[in-house]
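Trainee: here is the input, now give the coordinates:
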Amino acid sequence: MRMVSLYHCRPGMRLAKSIFSVDGRVLLAKDMELTDTLIRKLEECGVTYVYIQDPLFDDVQAEPTIPDELSAQAVNTIRQLFQMQAQTFQNHIAWNKLVRELENVFESVYREILQNQHTMFCLNQIYTYDAYLYKHCYQVGVYAMVMAVQLGFPKEKVREIALGSFLHDIGKLCIPREIINKPGRLTPQEYEEVQRHTVYGYDILRQKRSFPLLSAHIALQHHERLDGSGYPRKLKGDEIHEYAKMVAVADVYDALTSRRSYRKALLPSVAMEWLYAGSGRQFETRYLAAFRNAIVLYPVGLTVKLSTGERAVVVDNNTSAPQRPIVRIFEDAEGRAVVPYELDLSKALTVQITQVEI
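Mentor: Numbering: from 1, shown residues only. Prediction:
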């Protein structure tokens with residue numbers, strides 16, 4: 001299989017991985033044949049890439065570190081909690097039940113992380129655009145959990161980090177949708193309102209008896225920065241809780257590598273460089289290192305363009321050099337098909353990945 005930009009999809013291609021809707025249901029199942037209508041519908045739903053079956057890459061399996069079914073369950077639980085909070089009349093019994101479900105999700109994800117802690121982590125489930133916020137919260141939670149496990153945090157601390165991360169953006173429910181979904185640049189007044197989502201989220205979570213107070217602080221502080229340039233309180237250094245420092249790294253990385261209505265996704269390596277540019281100034285260096293050592297920058301199956309002009313697919317990762325994967329070239333610089341051959345970018349140091357198709 002290989003990951004293909006929707007722009008490059010053509011009728012007759014078959015899906016190699018299922019696509020999920022906002023409530024975690026399978027929208028299009030694996031083996032579904034694409035048509036012009038389906039491609040157009042996927043575009044309308046905000047899907048930017050799919051995994052397709054390709055005889056040149058039958059041996060390439062882009063298996064996520066966390067099973068698709070578990071990720072779908074997690075995203076759906078987060079969605080239900082957000083939607084329940086948005087209701088005028090709060091059902092505290094139902095909320096507590098969903099928090100218990102979220103804790104069950106934590107337990108399952110935690111087991112997967114422990115079983116795969118010597119494997120680089122990859123989250124490659126495909127969702128429609130209206131699931132972005134819930135998917136973002138879930139992925140930030142998993143990234144933060146991976147960092148915590150890497151650093152040897154005890155299970156109870158990992159649990160607090162996970163719960164706070166999974167709901168760190170719940171305060172955005174209090175921001176007008178026209179501001180949240182605005183495709184252009186925000187006005188100073190709109191940006192000031194967006195910043196308040198941290199305070200709104202903290203106020204929501206700290207009032208829930210079943211929710212840990214330290215987890216609620218993640219919602220409040222995940223936009224604070226070591227040098228005091230963050231918000232809402234412009235905290236510095238040790239004034240920021242360690243949980244929030246970790247989530248800040250995961251939050252920014254996931255945001256930068258996700259396509260939004262107002263910009264394209266950044267290359268994973270570019271996003272990592274962006275984070276490291278703030279090492280010791282905005283972000284805690286040890287959390288950046290733990291994150292970099294645990295995360296797959298170029299998922300297996302990803303279609304990339306090289307500095308030579310050739311197109312290739314990532315077929316394996318080098319754990320000692322995550323920015324230099326092994327790729328299989330299938331198209332030359334003129335767009336002509338070639339007999340596929342593999343190139344280890346950790347050895348071909350003059351060749352760079354210049355573009356990813358997402």
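Trainee: contacting residues for V149?
Mentor: 110, 113-114, 117, 158 (CB atoms under 8 Å, 6 or more residues apart in numbering). Quick note: C-beta positions are derived from backbone N, CA and C, even for glycine.
Trainee: need the contact list for D316.
Mentor: Per CB under 8 Å, 6+ apart, neighbours of D316: 300, 325-326.
Trainee: okay, who's weakest in those by pLDDT?
Mentor: Least confident of those in the model: V300, at 88.
Trainee: SS state for that residue?
Mentor: In three-state terms, and counting by DSSP: H, G, I helix; E, B strand; the rest coil, V300 is coil.
Trainee: report the contact partners of the nearest residue to it once chain neighbours are set aside.
Mentor: Residue nearest to V300 in three dimensions, not counting chain neighbours: A62, with 4.8 Å by CB to CB, 6 or more residues apart in numbering. The contact partners of A62, taken as CB under 8 Å, 6+ apart, are 1, 3, 16-17, 51, 122, 124, 299-301.
Trainee: picking up where we left off before, out of the contacts of V149, list just those in helices.
Mentor: 110, 113-114, 158 (DSSP state H).
Trainee: which two in those are spaced the farthest apart?
Mentor: Spanning the widest gap among the ones in helices among the contacts of V149 are L114 and V158, at 9.8 Å by CB to CB.
Trainee: of the two, who's got more company?
Mentor: The residue with more neighbours, out of L114 and V158, is V158; 22 against 11, by other CB atoms under 10 Å.
Trainee: please enumerate the helices of the protein.
Mentor: 36-44, 68-86, 92-115, 132-150, 155-166, 177-180, 188-195, 197-206, 213-221, 242-256, 268-277, 285-294.
Trainee: tell me the gap between the fourth one and the middle of its chain.
Mentor: Between the centre of helix 132-150 and the centre of its chain there are 7 Å (CA atoms, centre = their mean, to the nearest Å).
Trainee: where does pLDDT dip in the stretch 151-300 of the chain?
Mentor: Along the stretch 151-300 of the chain, the model assigns pLDDT under 70 to residues 260-263.
Trainee: for the nearest residue to A94 once chain neighbours are set aside, give its distance to L186.
Mentor: The shortest distance from A94 to any non-neighbouring residue, by CB to CB, 6+ apart, is to M84 (6.3 Å). For M84, the distance to L186 (CB to CB, to the nearest Å) stands at 28 Å.
Trainee: check V26 too.
Mentor: Plainly put, V26 is 35 Å away from L186 if you go by CB to CB.
Trainee: got it, and A72?
Mentor: In terms of CB to CB, A72 sits 32 Å off from L186.
Trainee: more neighbours, these two?
Mentor: A count of neighbours by other CB under 10 Å puts A72 above the other of A72 and L186, at 21 against 14.
Trainee: so the more buried one sits against F20, correct?
Mentor: Yes: the pair A72 / F20 is scored as a contact, 5.3 Å apart, by CB atoms under 8 Å.
Trainee: close enough to count as contact, V300 and V314?
Mentor: Yes: using CB under 8 Å, V300 is in contact with V314, at 5.5 Å.
Trainee: and the two? which has more neighbours close in?
Mentor: V314 (25 against 22).
Trainee: tell me the contacts of that one?
Mentor: For V314, the contacting residues are 298-302, 304, 325-327, by CB under 8 Å, 6+ apart.
Trainee: ok, longest strand in this protein?
Mentor: strand 337-344 (DSSP state E).
Trainee: packing partners for it?
Mentor: Secondary-structure packing of strand 337-344 (3 or more CB pairs under 8 Å, 6 or more residues apart in numbering; DSSP states H and E): strand 326-331.
Trainee: report all helices and strands that the strand it packs on contacts.
Mentor: strand 303-306, strand 311-316, strand 337-344.
Trainee: for F166, find the nearest of those.
Mentor: strand 311-316 (28.6 Å).
Trainee: Y51: neighbour count?
Mentor: Neighbours of Y51 (other CB under 10 Å): 23.
Trainee: pretty sure it is touching R2, no?
Mentor: Yes: counting by CB under 8 Å, R2 is a contact partner of Y51 at 6.9 Å.
Trainee: name the residues contacting each of the two.
Mentor: Common contacts of Y51 and R2 (CB under 8 Å, 6+ apart): 16, 301.
Trainee: for Q189, what are its contacts?
Mentor: Applying CB under 8 Å, 6+ apart, no residues qualify as near Q189.
Trainee: one step back: highest mean neighbour count out of the helices and strands packed on strand 326-331?
Mentor: Each of the helices and strands packed on strand 326-331 was scored by mean neighbour count; the highest is strand 311-316, a mean of 22, by mean count of other CB atoms under 10 Å.
Trainee: and stretch 73-86, how far out from the chain's middle?
Mentor: 17 Å.
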